[in-house]
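K.L.:
Mind folding the following:
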Amino acid sequence: MIFEQIATGGCQSYLLGCDDSHSAILIDPHLNQMDRYLGLAARDGLRIRYVLDTHTHADHFSAAKELGRTLDVPVVTGKLSPAPYAGFKLDDGEILRVGNMRLRALHTPGHTRDSMCILAEDRIFTGDTLLIGGTGRTDLPTGDPDALYDSLFNLVLKQDAALLVYPAHDYKGRSHSTIADEIENNPRLKKRERAEFIAMMKQLNLEAPTHLTEALRTNMSGGKTVAQLLAEASAHVPFVSMAELAERVGRNDLGLILLDVREKDAYASGHIPGAQHLPRGQLELRVNKELPDPTRRILVACEFGQISTLAAATLRELGYTQAAALDGGMKAWRESGLPLTIL
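P.N.:
Numbering: from 1, shown residues only. Okay, the predicted model is just below:
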């Protein structure tokens with residue numbers, strides 16, 4: 001087996017390749033690492049045939065949908081995954097063939113309803129069902145401590161004790177463990193009675209993941225993250241520096257339409273001299289009246305430089321091909337001591 005482990009903070013992804021055919025599968029990919037995965041596959045001479053998520057992630061954004069689309073390969077999940085982009089759902093005990101490798105799915109609900117582990121030769125990819133020195137939490141949507149008890153004690157821990165354990169998360173820099181090590185040393189597995197284990201899981205009182213709502217929304221539906229929308233907009237929009245705009249303001253000759261897309265109160269409390277006000281929420285409805293000449297150069301500004309990027313991208317889609325965004329926002333403009341007009 002050709003094997004690569006890729007860490008993104010505490011998140012772990014895995015690239016597995018067949019020695020003979022060089023067909024490969026990518027397990028639990030992170031959206032921020034797409035180029036890295038493709039680079040590793042190219043370096044190792046692998047062709048990724050499948051992209052697999054062990055469960056619906058709640059703490060980061062899965063790259064499964066984007067990689068599946070980019071590579072034109074199936075996205076593999078457990079049978080109960082809600083993801084509409086998953087075209088290949090494995091049931092308990094089913095085998096996925098990747099070249100000459102045989103990957104067997106184990107349905108292991110508990111952390112989430114759709115959780116599964118993957119057996120591959122001498123190792124098991126446990127997702128968030130079994131962690132090194134811990135287990136997946138059960139207090140997030142579709143979590144169930146009773147089901148996790150069964151998944152661990154009646155299935156995962158009954159596998160070969162020598163199996164290498166590769167989880168979807170580890171925040172202490174550890175790469176892997178073994179089933180035997182976890183049985184011996186994992187403190188959560190010391191609670192071997194069902195009632196004790198369930199009580200322990202219910203009393204963990206863990207903080208919610210930072211991006212919980214957005215991660216669940218995107219990973220369950222295939223929708224885009226805010227960062228994706230901004231990245232896509234940025235790829236199609238030119239930017240103008242604050243220094244250049246300040247110079248134009250200083251000589252009292254903007255030479256373009258400066259569009260402030262903040263709300264009315266924010267605009268009134270202080271805007272760049274010469275700026276025209278058009279709130280982002282009304283942009284599409286008022287654009288024909290406010291901006292009758294699509295050939296004019298337009299520079300869009302907002303508070304932090306994000307809404308202006310999206311607005312400039314929208315303007316370019318509407319035919320204002322010389323629309324650009326201010327590189328920065330009004331917060332940075334004020335902090336730099338640059339001139340303001342207050343109404």
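
K.L.:
Let's verify V249: helix, strand, or coil?
P.N.:
V249 falls in the helix class when you classify it by DSSP: H, G, I helix; E, B strand; the rest coil.

K.L.:
Tell me, how many residues neighbour it?
P.N.:
By other Cβ atoms under 10 Å, 20 other residues sit near V249. From N, CA and C alone the C-beta is placed, and that goes for glycine too.

K.L.:
Give me the next element, helix or strand, following the helix-or-strand element of the chain with minimal mean pLDDT.
P.N.:
When each helix and strand of the chain is scored by mean pLDDT, DSSP states H and E, helix 212-221 comes last, with a mean of 87. Downstream of helix 212-221, the next assigned helix or strand under DSSP states H and E is helix 226-234.

K.L.:
Buried residues of the next helix or strand after that following helix, list them for me.
P.N.:
Proceeding N to C from helix 226-234, the next assigned helix or strand is strand 239-241, under DSSP H and E. Across strand 239-241, burial judged by 16 or more other Cβ atoms under 10 Å covers F239, V240.

K.L.:
could you give me the average pLDDT of strand 239-241?
P.N.:
What strand 239-241 shows for mean pLDDT is 96.

K.L.:
need the contact list for A162.
P.N.:
A162 sits next to D122, T178, I179, A180 when contact means Cβ atoms under 8 Å, 6 or more residues apart in numbering.

K.L.:
Quick one: buried ones out of these?
P.N.:
By 16+ other Cβ under 10 Å, the contacts of A162 give T178, I179 as buried.

K.L.:
still on that earlier bit, quick one: the least confident helix or strand of the chain to helix 226-234, angle?
P.N.:
Relative orientation of helix 212-221 and helix 226-234, computed by axes from the mean of the first three to the mean of the last three Cα atoms, to 10 degrees: 80 degrees.

K.L.:
Helices of this structure, start to end?
P.N.:
For the chain, helices defined by DSSP state H occupy the ranges 34-43, 64-71, 145-153, 179-185, 194-202, 212-221, 226-234, 242-250, 264-269, 283-290, 307-317, 330-335.

K.L.:
can you tell which of those helices is closest to M101?
P.N.:
Proximity to M101 (Cβ to Cβ) singles out helix 34-43 among the helices of the chain, at 15.0 Å.

K.L.:
And the contacts of that closest one?
P.N.:
With contacts defined as Cβ under 8 Å, 6+ apart, helix 34-43 is touched by 4, 6, 13, 15, 17, 24, 26, 29, 46-48, 63, 66-67, 70.

K.L.:
out of these, which is most surrounded?
P.N.:
Highest neighbour count within the contacts of helix 34-43: L26, with 32 neighbours (other Cβ under 10 Å).

K.L.:
which residues touch the nearest residue in space to it that is not next to it in sequence?
P.N.:
What sits nearest to L26 in space, not counting adjacent residues and going by Cβ to Cβ, 6 or more residues apart in numbering, is V51, at 5.0 Å. V51 sits next to I25, L26, P29, A63, A64, L67, G68, L71, V73, P74, V75, V76 when contact means Cβ under 8 Å, 6+ apart.

K.L.:
Also G173?
P.N.:
Taking Cβ under 8 Å, 6+ apart, we find G173 in contact with no residue.

K.L.:
And the pLDDT for it?
P.N.:
At G173, the pLDDT value in this model is 89.

K.L.:
which residue packs closest to M101, ignoring adjacent ones?
P.N.:
Sequence neighbours aside, C18 is the residue nearest to M101 in space, at 5.1 Å (criterion: Cβ to Cβ, 6+ apart).

K.L.:
Does the one you found touch L103 like I think?
P.N.:
No - contact criterion Cβ atoms under 8 Å: C18 and L103 do not qualify, at 10.7 Å.
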